[in-house]
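K.L.:
Here's a sequence, model it:
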Amino acid sequence: MGFDMTAGGRGWMKAIALALVTMATLGLSAAAASADPADILAIEQDGRAVPVANGVATLSRRPFTLTLVLTPAGAVDVSASMDRAGYDLARAGRPLDSVFQRYGGIAEADGNAARTLYLRPGAEPGHHVWDVLADRPHRFDGVSPLGPRLLGRRTVDSFTLDRVRQGIETWSGGDVFLVYRSGDAAGREDGRAAVRLVFPPLLPSARAKPAATPAVPTFSTTTTVVGVARPILTIGSHSVSRADFGQVFRRYQRYNAHLARTDPSLALTPGGIVADVVCDELALADARRLGIDVSADETEAIFLRGAAVQAGRALDPASARARVVATFPTLTYDEIIESGRRVLLLQRVAAVVMKDVPAEQKQDLRRAYMADAFRRLRPIIDRDELMAMYADKP
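P.N.:
Got it, this is the predicted structure:
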């Protein structure tokens, strides 16, 4: 039996991810249709959502990600300014013609290689124009379906003012006022949001040099683990026993059997399932190192909210859980929540550790993350224990 440790990305975990995203985005897209600013423009930093209270988001001096709800074949205008006039207009529901002036779009390269926001000094015109059209590239890290709409993610690690780019770690310009306006294919406004980005005071030491990047731990490349009860997988100081690895493997295996009957295109070979389990363990190790976590309660809330939207009516918790279980008939409810939690955790970890990976290399997130994590974490895999696990009875 052979397996490719970078072959994860299809199969049962993709099905879990698809169902999780479907349930989550059903709720998000329904909320986005109401044009609530909290639902059409969100901010993440270090793999966590940043609360936006009364139009204000307080950030650390590190890169962050804008998450925007988009209308297919439409466009979004984004103004980033040191002047709050446009921000006040947007929050008051006033026309935004003075903020998004005709022919005021800033010329940008395709994709998001620069990872910057271009700022308008004072009331000077100029704004980002980000559209998603089938016949040309976009300017996001990536775009994914969100019910009838789309979800775009754009990472920001600097601000550019008067052609001078300054990293967030050393940004000295004070608060930044974001104004977002989306339009449909006919050019009609169908959503807006305004957020004031607040950063902590700039320390004197930060003016001299950017904040140091945390060192990536280096692990042994030894491929032999000696001992009677040997771990099947070792990542730095963390090890995974055959029993623990096998428990997750068989959970994936049970749902994979269901997929083989209902959607063979998503079913994996045993080696593919092993790759998915290893990928999860690598993400868990990265999450511990970075202090990233996703709670079971957060994951469950996403599933239950999506189940209610999918049903088209409010559901009591028991009915919502029953609908979730019906989607994954070979898993228990707790197993479904844990599997969804791992999908969300991987997404948040990858957003942090893969920030320098070109967008086109992230199309298959699990495969791209696996290749990156193997290079950085250099896990030790005991293939003899792995083969012994295959010999165990379910």
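K.L.:
mind listing the helices in the stretch 151-300 of the chain by residue range?
P.N.:
204-208, 242-262, 270-290, 296-311 (DSSP state H, counting those that start in this stretch).
K.L.:
could you say what helices and strands the third one packs with?
P.N.:
The one in question is helix 270-290. helix 12-32, strand 233-235, strand 238-240, helix 242-262, helix 333-353, helix 365-377 (3 or more CB pairs under 8 Å, 6 or more residues apart in numbering; DSSP states H and E). Placement of C-beta: from N, CA and C, glycine included.
K.L.:
Partner strands of the next helix or strand after the last one, with direction?
P.N.:
The one in question is helix 365-377. Counting by DSSP states H and E, the next helix or strand C-terminal to helix 365-377 is strand 380-381. Next to strand 380-381 in the sheet, as set by DSSP bridges, lie strand 233-235 (antiparallel).
K.L.:
Number of residues surrounding Leu315?
P.N.:
18 (other CB atoms under 10 Å).
K.L.:
got it, and Gly312?
P.N.:
9.
K.L.:
One more: the one 5 residues further on?
P.N.:
Neighbour count for Pro317, taken as other CB under 10 Å: 11.
K.L.:
these two touch, right, it and Leu304?
P.N.:
Yes. Counting by CB atoms under 8 Å, Leu304 is a contact partner of Pro317 at 6.7 Å.
K.L.:
returning to what we had before: which of the helices and strands packed on helix 270-290 sits closest to Pro145?
P.N.:
Of all these, helix 12-32 sits nearest to Pro145, with 7.2 Å by CB to CB.
K.L.:
for the helix or strand where Glu44 lies, the distance to its chain's centre please.
P.N.:
Under the criterion of DSSP H and E, Glu44 resides in strand 41-45. In terms of CA atoms, centre = their mean, to the nearest Å, the centre of strand 41-45 is set 10 Å apart from its chain centre.
K.L.:
What's the mean pLDDT across the next helix or strand after that strand?
P.N.:
Downstream of strand 41-45, the first helix or strand assigned by DSSP H and E is strand 48-49. Averaged across strand 48-49, pLDDT comes to 83.
K.L.:
Can you name the element that comes right after strand 48-49?
P.N.:
Next element after strand 48-49 (DSSP H and E): strand 56-58.
K.L.:
The lengthiest strand in the chain: which residues count as buried?
P.N.:
Ranked by residue count and defined by DSSP state E, the top strand of the chain is strand 189-198. In terms of neighbour count (16 or more other CB atoms under 10 Å), strand 189-198 has its buried residues at Asp190, Gly191, Arg192, Ala193, Ala194, Val195, Arg196, Leu197.
K.L.:
Dump the C-alpha coordinates for it into PDB.
P.N.:
Provided in PDB are the C-alpha atoms of strand 189-198 (Å, rounded to 0.1, in the frame of the first residue of the first chain):
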ATOM      1  CA  GLU A 189     -25.800  50.100  -5.300                       C
ATOM      2  CA  ASP A 190     -26.800  47.000  -3.400                       C
ATOM      3  CA  GLY A 191     -24.700  47.300  -0.200                       C
ATOM      4  CA  ARG A 192     -22.400  49.500   1.700                       C
ATOM      5  CA  ALA A 193     -20.300  49.500   4.800                       C
ATOM      6  CA  ALA A 194     -17.900  51.800   6.700                       C
ATOM      7  CA  VAL A 195     -15.200  50.700   9.200                       C
ATOM      8  CA  ARG A 196     -12.700  52.800  11.100                       C
ATOM      9  CA  LEU A 197      -9.500  50.800  11.500                       C
ATOM     10  CA  VAL A 198      -7.800  51.700  14.800                       C
END
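K.L.:
Can you list the helices and strands that that strand packs against?
P.N.:
helix 37-40, strand 41-45, strand 56-58, helix 85-91, strand 176-183.
K.L.:
picking up where we left off before, between all of the buried residues of strand 189-198, which two are separated the most?
P.N.:
Asp190 and Leu197 (23.8 Å).
K.L.:
buried sites along stretch 138-150?
P.N.:
For stretch 138-150, by 16+ other CB under 10 Å, it's His138, Arg139, Phe140, Asp141, Gly142, Val143, Leu146, Gly147, Arg149, Leu150.
K.L.:
start to end distance for that stretch?
P.N.:
Stretch 138-150 has its terminal residues 12 Å apart, counting by CA to CA, to the nearest Å.
K.L.:
burial count for the nearest residue to Gly291 once chain neighbours are set aside?
P.N.:
Closest residue in space to Gly291, ignoring its immediate chain neighbours: Asp46 at 7.7 Å, by CB to CB, 6 or more residues apart in numbering. The tally of other residues near Asp46 (other CB under 10 Å) stands at 17.
K.L.:
ok, Asp46 - contacts?
P.N.:
Ser60, Arg62, Leu290, Gly291, Ile292, Val352 (CB atoms under 8 Å, 6 or more residues apart in numbering).
K.L.:
I'd like those written out as TSV, with pLDDT added.
P.N.:
Output for those, formatted as TSV (pLDDT from 0 to 100):
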residue	pLDDT
Ser60	91
Arg62	90
Leu290	89
Gly291	89
Ile292	89
Val352	84
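K.L.:
filter these to the buried ones?
P.N.:
By 16+ other CB under 10 Å, these give Ile292, Val352 as buried.
K.L.:
Pretty sure Gly183 sits against Val76.
P.N.:
Yes. With contacts counted by CB under 8 Å, Gly183 reaches Val76, the gap being 7.4 Å.
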